[in-house]
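J.: how would this look folded up:
(one chain, ligands or ions: 2)
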Amino acid sequence: MDTNVQIDMEKLQNCFPGFRQKYRLIKRIGEGTFSTVYKAEDLMYDSYDNSWDIEKENDKWSTPPLVHDQRSHTTQQQQPSRRRKPKFVAIKKIYVTSSPNRIFNELELLHDLRDCPSVCPLITAFRQTDQVIAILPYFRHSDFREYYRDMTPTDTATYLRSLFTALSAVHAHGILHRDIKPTNFLYDPPTRRGVLVDFGLAEREGVDSKPCMCHDGSAVRKQRLRTALALSSGPHNGYPKNDTRPSRRANRAGTRGFRAPEVLFKCTEQTTKIDIWSVGVILLTIMCQRFPFFNSADDVEAMIEIATIFGQRRMKAAGHLHGCVFESNIPTIGSGGFELSRIILWSTCRDEKTEALTPDEAVAVKFLERCLELDPSKRISADEALEHEFLRMGLE
Ligand code: ADP
Ligand code: MG
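T.: Ligands and ions are numbered 1, 2, ... in the order given. A predicted model of the protein is given here:
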C-alpha cells in the first residue's frame with residue numbers, strides 16, 4: 001500500500017479516541033474534492049446477521065444519525081437496543097477545509113433520506129475538533145468505466161431504474177442531489193443493485209433556489225432579457241473584452257459535463273430537474289460508449305458542447321426561458337443541431353445510411369430525449385421516468 005495512504009490511515013485512527021476498538025481500516029476506496037473514503041471492518045459488528053442487503057435493510061436504518069462529540073463523550077441520540085449492522089463500512093473523512101455548514105448539510109440531508117430505497121444510509125457520524133467522519137454501510141460496486149461499454153439496453157434500463165428509484169425518493173423530499181454522475185451512483189453489475197451516495201452538494205428545493213418561475217413570464221425574467229438584449233450588439237468575435245452585463249449569481253455546484261443548461265444559464269430558480277439532465281448525460285455516455293461524453297473546461301465550453309448537439313435555435317429558446325440571450329458565431333454550431341440517434345450511430349462507428357438503431361435502442365433514445373429536454377419544465381420527472389416503457393424493459 002502507498003506509504004502516504006498508510007500515514008493518512010494512521011492519522012485518522014489516532015485522531016478519534018477508541019477508533020481502533022470500533023473499526024479496522026482496510027484500504028482507501030475513494031478520494032475526491034471534499035473527502036477521502038476508506039473501507040473498514042466494523043469490529044462491533046453484531047454477528048447474528050451476516051447477510052446485509054441494502055434493499056431489505058433500508059427500512060431498518062431508521063435511527064437518527066448519532067453525532068458523537070468526542071470531547072464530551074456524549075451521544076446526542078439514543079441508540080436502539082439492538083439493530084443490524086453491516087460488517088463492512090465506508091468511512092468518509094470529510095476534509096477539514098469543508099465549511100461546517102456544508103458538512104452539516106450533507107449529514108442532515110442523509111438523515112432525512114434514511115428510509116429511501118437505493119440511497120446509501122448514514123449509520124453514524126463522529127466529530128473530533130474540526131474533523132468529521134461519516135460512517136456508511138459499505139456497498140460493493142464496480143468502476144463505471146469497467147462495465148458501461150458492455151451494457152445492453154436491458155442492462156441500462158435496470159441500472160437507470162435503480163438510479164431513478166433513488167431520485168424519485170430524494171425528489172419527493174424536495175431535495176436536489178446536484179451531483180449525479182457515475183462515481184456517485186455505486187452500482188454492482190452482478191447483483192444489479194445500485195445506491196446513490198454523496199449528498200455533499202445537495203440542497204433543498206426552494207431554499208437555496210426559489211420555485212421555478214421560468215414559465216410564468218415573470219417580470220424579473222423579462223427585465224433580464226431586455227437588459228441582455230439591449231447590451232448585446234450582435235455576435236462578437238470571441239468573448240467580449242469589456243463585459244458590461246450585470247453579473248448573475250446562481251448555484252452552479254456540480255460536475256462539469258453533467259450540468260443542466262439552466263445551471264449553465266445561471267438560472268436562479270433551479271429544480272430537481274437538474275438531476276434528470278445529469279442522468280440523461282449518463283445514458284448518452286452509455287449509448288455512445290464514450291466516457292466522459294462532454295469534456296469542457298468551463299461553463300462557456302459546456303454550453304458550446306450542448307449547442308453543437310441541439311443547435312442555435314433551441315439553445316436560443318432555452319436561454320430565453322432564463323432571461324439569457326444565446327449567441328454564437330462558431331461554425332460547428334448549426335441552426336438545427338443533430339438528432340440524438342445520429343450522434344449515437346456516429347459515436348458507435350455505425351454507418352447511418354446502412355445501419356439503424358435496434359428497436360430497444362430506439363426506445364432508449366425516446367427516453368433519452370425526455371431526459372435531455374432543454375426546457376426543465378418539459379423534462380421528464382423521476383416518477384414519470386419509472387413509468388416510461390424504456391425503464392420497464394426487462395421487467396415483464
Ligand atoms: P466525495 O464527496 O469525495 O466525492 P463520495 O461520497 O462521492 O465522496 O465518495 C467517494 C468515493 O468513495 C465513491 O465514488 C465511492 O467509490 C466510494 N464510496 C463512497 N461511499 C461508499 C460506500 N458506502 N460504499 C462503498 N464505497 C463508497
Ligand atoms: Mg462523489
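
J.: how long is stretch 29-39 end to end?
T.: 6 Å (Cα to Cα, to the nearest Å).

J.: Identify the residues contacting stretch 33-44?
T.: Stretch 33-44 is contacted by residues 8-9, 12, 21-31, 85-95, 98, 102, 138, 200 when judged by Cβ atoms under 8 Å, 6 or more residues apart in numbering. For the C-beta atoms, the positions are set from N, CA and C on the backbone; glycine is no exception.

J.: chain center to it: distance?
T.: Centroid separation for stretch 33-44 versus its chain: 21 Å, with Cα atoms, centre = their mean, to the nearest Å.

J.: Quick check: mean pLDDT of it?
T.: Stretch 33-44 shows an average pLDDT of 94 in the prediction.

J.: so how far is ligand 2 from the closest residue to Asn295 other than its chain neighbours?
T.: Spatially, and ignoring its direct neighbours in sequence, Asn295 is nearest to Gly257 (6.5 Å; Cβ to Cβ, 6 or more residues apart in numbering). Here Gly257 is placed at a distance of 14 Å from ligand 2 (Cβ to the ion, to the nearest Å).

J.: right, and Arg342 touches Glu352 too?
T.: Yes - assessed by Cβ atoms under 8 Å, Arg342 is found in contact with Glu352 at 5.9 Å.

J.: Report the secondary structure state of the residue nearest to Asp42 when sequence neighbours are not counted.
T.: In this structure, Asp42 finds its nearest non-sequential neighbour in Val89, 5.1 Å apart by Cβ to Cβ, 6+ apart. State at Val89, reduced to three classes by DSSP: H, G, I helix; E, B strand; the rest coil: strand.

J.: beta partners of Val89?
T.: Taking DSSP bridges, one obtains Ala40, Pro137 as the residues bridged to Val89.

J.: count of residues packed around it?
T.: By other Cβ atoms under 10 Å, the residues close to Val89 number 23.

J.: and it, what is it in contact with?
T.: By Cβ under 8 Å, 6+ apart, the residues touching Val89 are 23, 39-42, 123, 135-138.

J.: Please identify which of those is nearest to Ser296.
T.: Taking Cβ to Cβ as the measure, Leu136 is the one of the contacts of Val89 closest to Ser296, at 31.2 Å.

J.: Now that closest one. Nearest residue, chain neighbours left out?
T.: Of all residues not flanking Leu136 in the chain, Ala90 sits nearest, at 4.5 Å (Cβ to Cβ, 6+ apart).

J.: and the gap between that neighbour and Arg24?
T.: Counting by Cβ to Cβ, to the nearest Å, the separation of Ala90 from Arg24 is 14 Å.

J.: Between those two, which has more neighbouring residues?
T.: Neighbours were counted for Ala90 and for Arg24 using other Cβ under 10 Å; Ala90 has more, 21 against 14.

J.: so who does the more buried one touch?
T.: Neighbour list for Ala90: 29, 37-40, 135-139 [criterion: Cβ under 8 Å, 6+ apart].

J.: Tell me the secondary structure at Leu25.
T.: Per three-state DSSP, Leu25 ends up strand.

J.: Confirm for me that it is in contact with Asn14.
T.: No - using Cβ under 8 Å, Leu25 is not in contact with Asn14, being 11.4 Å away.

J.: Which one of those two is surrounded by more residues?
T.: More crowded of Leu25 and Asn14, by other Cβ under 10 Å: Leu25, with 19 against 10.

J.: what bridges to the more buried one?
T.: With DSSP bridges as the criterion, Leu25 is bridged to Ala40.

J.: Contacts only, for the residue in the stretch 151-300 of the chain that ligand 1 sits nearest to.
T.: For the stretch 151-300 of the chain, the residue closest to ligand 1 is Asp198, as judged by Cβ to the nearest ligand atom, at 3.3 Å. Asp198 makes contact with 32, 179, 183-184, according to Cβ under 8 Å, 6+ apart.

J.: rewinding a little: please determine how far the residue nearest to Asp42 is located from ligand 1.
T.: To ligand 1, Val89 is 8 Å away according to Cβ to the nearest ligand atom, to the nearest Å.

J.: And the pLDDT for that residue?
T.: Listed pLDDT for Val89 reads 97.

J.: ditto for Asp59
T.: What the model reports as pLDDT for Asp59 is 39.

J.: before we move on, the earlier item: what separation do you get for the residue of the stretch 151-300 of the chain closest to ligand 1 and Pro182?
T.: Separation of Asp198 from Pro182 (Cβ to Cβ): 11 Å.

J.: re earlier: any of the contacts of stretch 33-44 buried? List them.
T.: When these are checked for burial by 16 or more other Cβ atoms under 10 Å, the buried set is 8-9, 12, 22-23, 25-26, 28, 85-94, 98, 138, 200.

J.: Which of the three states applies to Arg127?
T.: Classified using three-state DSSP, Arg127 is strand.

J.: thinking Ala364 is in contact with Thr154, fair?
T.: No - counting by Cβ under 8 Å, Thr154 is not a contact partner of Ala364; they are 9.8 Å apart.

J.: Who has more neighbours out of the two?
T.: A direct count of neighbours by other Cβ under 10 Å for Ala364 and Thr154 places Ala364 higher, at 27 against 14.

J.: Now the more buried one: which helix or strand?
T.: Using DSSP states H and E, Ala364 sits in helix 359-371.

J.: For that helix, give me every contacting residue.
T.: Residues contacting helix 359-371 (Cβ under 8 Å, 6+ apart): 152-154, 156-157, 276-277, 279-280, 283-284, 287, 340-341, 344, 357, 379-380, 384-385, 388-391, 393.

J.: Which of the residues you listed fall in helices?
T.: By the criterion of DSSP state H, membership of the contacts of helix 359-371 in helices covers 153-154, 156-157, 276-277, 279-280, 283-284, 287, 340-341, 344, 384-385.

J.: PyMOL command for the buried members of the residues you listed?
T.: Buried subset of the ones in helices among the contacts of helix 359-371, written as a PyMOL selection, criterion 16+ other Cβ under 10 Å:
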select buried, resi 153+156+157+276+277+279+280+283+284+287+340+341+344+385
